[in-house]
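Q: Got a sequence here, can you build the structure:
(chains A, B and C)
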Amino acid sequence: MLEILENNWLLFLVGQYPHGPIGGLAMTLFMAVIALALCFPFAIALALARLSPYRWLRLPATAIVHTVRGLPLIMFIFWTYFVSPLVIGRAVGGVETLVIALVVYEAAYLSEIIRAGIEGLPKGQVEAARSLGLRYWPTTIKVVLPQALHNMLPSMVSQFVSTIKETSLGYVISAHELTFAASQVNNVLLTQPFEVYGILALTYFALCFALSSLARLIERRISSGRGGAPGVIVAA
Amino acid sequence: MGYVFDLRGVLSGQYLDWFLIGVATTLALTCAAWCLAMAMGIVLTLIRMIPLPPLGWLVALYVEYHRNVPLLVQIFVWYFGVPSLLPRPARQWINAHHGEFLLAAIALGLASAAYIAEDIRSGIRSIPKAQYEAARSIGFGYLGAMGYVVLPQAMRIAVPPLINQTLLLFKNTSLAMAIGVGELTYRTREVESYTFKTFEAFAVATAIYLAISFGIMALGAYSGQRLKLEAR
Amino acid sequence: MIRFENVDKWFGTMQALAGVSGEVGRGEVKVLVGPSGSGKSTLIRTVTRLEAIQGGRVLVDDIDIASRKVDINRLRQRVGFVFQAYNLFPHLSAIGNITLGLTKLRGMGKAEARERGLAELARVGLAEKADEMPGQLSGGQRQRVAIARSLAMDPQVMLFDEPTSALDPEMVGEVLVVMKQLAAAGMTMICVTHEMGFAREVADEIWFMERGAVLERGKPTDLIDSLGHPRLQGFLRTVSHGGDIHR
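A: The predicted structure is shown next:
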């Protein structure tokens, strides 16, 4: 196992770079960060639309979220793979395809988190802001979103973990990321698949577990700031 | 440019058969993995109830591994990795008996079990301690209080998240295409590459996925309302 | 019947009970009063080991409940406990709450258990509500079902932990009536309550507790009417003025 790592760590880390396109863990992280950053505005818009008092905003937003939740990510990846060259008018690479598909997919899931965060705020917050004479947008931007986003921080870190895990599907369309790099190593070695994929699994585990633990830490910080959880059965 | 959207081409003859086989395989994979996930999820919950710290750590390790490693990678470990550790006759048996389906079901089921165990646990945690105390006050022991009072309530609370897990499991069966299981996504790609009717093929698959997913979601919403328990 | 001998109880660094002693004889009714946090609830919770104690002994029928020979689940069947928050099981109907212990612990048949359960419900005036779920009952009705649930196990002692404190004022009466009937029937009872009228009517003795100790004890007439300890006077004034002292 160590020998495989010794000979291939660079491929795992950055793919074929500098002799080829950048890939591996670097690309995995890059795609996850970009996808989450790009989907953020869409997610907020979707969440606000779903909470809107206007039906013409609420219904389409609800339909989008449910449709995305009802489809496997791989379906989005294939749709993007076929449609985006037609829309953009040129060949679209695997990395771009994956990022576009992830942005659409994650926006729906992130919007649900944001919606829950907004709905979780005490009603008095909005009422207090409106009583001061603030209109919808100042209330939303200055009062509602800052609190909701702060409370949602742990969920967002978890969403980042999900996104990292989902980039592994780039393998299917040959986007040069970590799982693809591992499959290349496996194709070269042929005889040690358990070791190669074991290294792959451990790499993801180390990264995602660290981030999940961070999410839990933040969550404890936030909830202890509000007086902690109610009593629970210890024996369970 | 004159592309004509025409479903007839992909919904007739052998292509229709491929789609049907794909749907059947997807459903079979979902069922097989679901049964394994439920059984394993309950076993994990029971192990966690034994007041012996090392057992608790083992379950935690199990849960964290399956939650922090991409499902596709878990499938690869099972499909490419595990058979290479088995003796030759076992490998041959797997190859001869649709090993990819079996191994995909194992990978999907074990991963889902980790989430199911967590759902059951948070169901238990959401039951107030007073319920447990009230049961003990009548004279029930730990097992009686758990079995007759805490778990029945916890399971009700856990049903909606468990149905949501079922939805995720159903969607995740699509990943099995990466190891050649002939489920819906895999068959769709086949139809697409034989007919070159890309949009039609994927439109059909999308519609099928959505129909089944919406059915599961509706079940979840219904159960959420049916099983709600009011004040104590 | 029940004897406390120098009972000490700590929650971390906070002493909840400080050397409490006292005795409750068969058929007696003791009422525990005192400000919130004075240890009344903790004291009765020690009787069924809902709270473990760090010093002294609690004896039921001259047997130390902490001893290894005591089957705590047996003991709990003989000592009924009624909670402030009722703690009915929300997934079971009123009758289901009562028959659960009868069928699973006493091994009674379903029909027999139901008959017994209906009799207990009739005793608290709720026979017609047998098949309703707890969520459909009012607070007073829920508390009466909870009392019936305890009575079904044929307890020799009943412990009440502020049974009327969570109730709307108009429902307090119906629960107190049931408790008075129990007392009149000769049940041994320890009641934590702020209902001084109830105490005056049925208590053989009132224990006034503060900071984990019994400060004063005596017959209701002596204690309430002659107003002994100045702290007790202050307390009684708060209660009679309807001050919400337990929150």
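Q: Okay, buried residues for stretch B:193-207 please.
A: Going by neighbour count (16 or more other CB atoms under 10 Å in any protein chain shown), the buried part of stretch B:193-207 is B:Lys197, B:Thr198, B:Phe199, B:Glu200, B:Ala201, B:Phe202, B:Ala203, B:Val204, B:Ala205, B:Thr206. All C-beta atoms are positioned from the backbone trio N, CA, C, and that covers glycine.
Q: which of those residues sit farthest apart?
A: Based on CB to CB, the longest span within the buried residues of stretch B:193-207 runs between B:Lys197 and B:Thr206 and measures 13.9 Å.
Q: rewinding a little: mark which of the buried residues of stretch B:193-207 are part of strands, please.
A: Among these, no residue falls in strands (DSSP state E).
Q: And those, which is closest to chain C?
A: The closest of those to chain C turns out to be B:Thr206 (CB to the nearest CB; 40.1 Å).
Q: from memory the closest one sits against A:Leu71, does it?
A: Yes. Under the criterion of CB atoms under 8 Å, B:Thr206 makes contact with A:Leu71 at 6.4 Å.
Q: would you list every one of the helices in chain C?
A: In chain C, the helices defined using DSSP state H lie at C:40-47, C:72-78, C:94-104, C:110-123, C:139-151, C:169-184, C:196-202, C:220, C:230-240.
Q: what about those, which gets the closest to chain B?
A: helix C:72-78 (3.5 Å).
Q: list the helices and strands the closest one packs on?
A: helix B:129-138 (3 or more CB pairs under 8 Å, 6 or more residues apart in numbering or on different chains; DSSP states H and E).
Q: Check the average confidence over the following helix or strand past the helix it packs on, would you?
A: Sequence order places helix B:142-144 as the next helix or strand after helix B:129-138, per DSSP states H and E. Helix B:142-144 carries an average pLDDT of 88.
Q: Identify the residue nearest the geometric centre of the chain.
A: In the absence of a named chain, this looks at chain A. In chain A, the residue lying closest to the centroid (CA atoms, centre = their mean) is A:Thr163, at 3.3 Å.
Q: Not quite, go with chain C.
A: Central residue of chain C (CA atoms, centre = their mean): C:Phe160, at 1.2 Å.
Q: Grab the nearest non-local neighbour of it.
A: C:Cys191 (4.2 Å; CB to CB, 6 or more residues apart in numbering or on different chains).
Q: and the gap between that neighbour and chain A?
A: Noted for C:Cys191: a distance of 24 Å to chain A, by CB to the nearest CB, to the nearest Å.
Q: Which pLDDT value does the model give that residue?
A: On pLDDT, C:Cys191 comes in at 94.
Q: cool, and A:Pro138?
A: 83.
Q: Does the helix or strand hosting A:Ala61 reach chain B?
A: For A:Ala61, the host element (DSSP H and E) is helix A:55-70. Yes. Shown here: helix A:55-70 in contact with chain B (CB under 8 Å from any CB of the partner chain) through A:His66, A:Thr67, A:Arg69, A:Gly70.
Q: what's near enough to touch A:Gly93?
A: Shown in contact with A:Gly93 (CB atoms under 8 Å, 6 or more residues apart in numbering or on different chains): A:Ala175.
Q: Now do the same contact list for A:Gln16.
A: A:Gln16 neighbours (CB under 8 Å, 6+ apart): A:Ile22, A:Gly23, A:His176.
Q: if you set the cut-off to 10 Å instead, what comes out?
A: Contacts for A:Gln16 (CB atoms under 10 Å, 6 or more residues apart in numbering or on different chains) come out as A:Leu10, A:Ile22, A:Gly23, A:Gly24, A:His176, A:Ala181, A:Gln184.
Q: Repeat that for B:Ile106.
A: When contacts are counted by CB under 10 Å, 6+ apart, B:Ile106 touches B:Ala32, B:Ala33, B:Leu36, B:Met40, B:Gln74, B:Ile75, B:Trp78, B:Tyr79, B:Val82.
Q: got a markdown table for the residues you listed, with neighbour count and distance to B:Leu103 too?
A: Output for the contacts of B:Ile106, formatted as a markdown table (neighbours: other CB atoms under 10 Å in any protein chain shown; distance: CB to CB, whole Å):
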| residue | neighbour count | distance to B:Leu103 |
| --- | --- | --- |
| B:Ala32 | 18 | 11 |
| B:Ala33 | 26 | 11 |
| B:Leu36 | 18 | 12 |
| B:Met40 | 20 | 15 |
| B:Gln74 | 23 | 10 |
| B:Ile75 | 25 | 8 |
| B:Trp78 | 23 | 5 |
| B:Tyr79 | 24 | 5 |
| B:Val82 | 17 | 7 |
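Q: low-confidence ranges in the chain?
A: With no chain named, the answer covers chain A. Along chain A, segments meeting pLDDT under 70 span A:225-236.
Q: that's the wrong chain, I wanted chain B
A: In chain B (pLDDT under 70), the answer is B:1-2, B:229-232.
Q: in it, which spans are strands?
A: Using DSSP E, strands in chain B do not occur.
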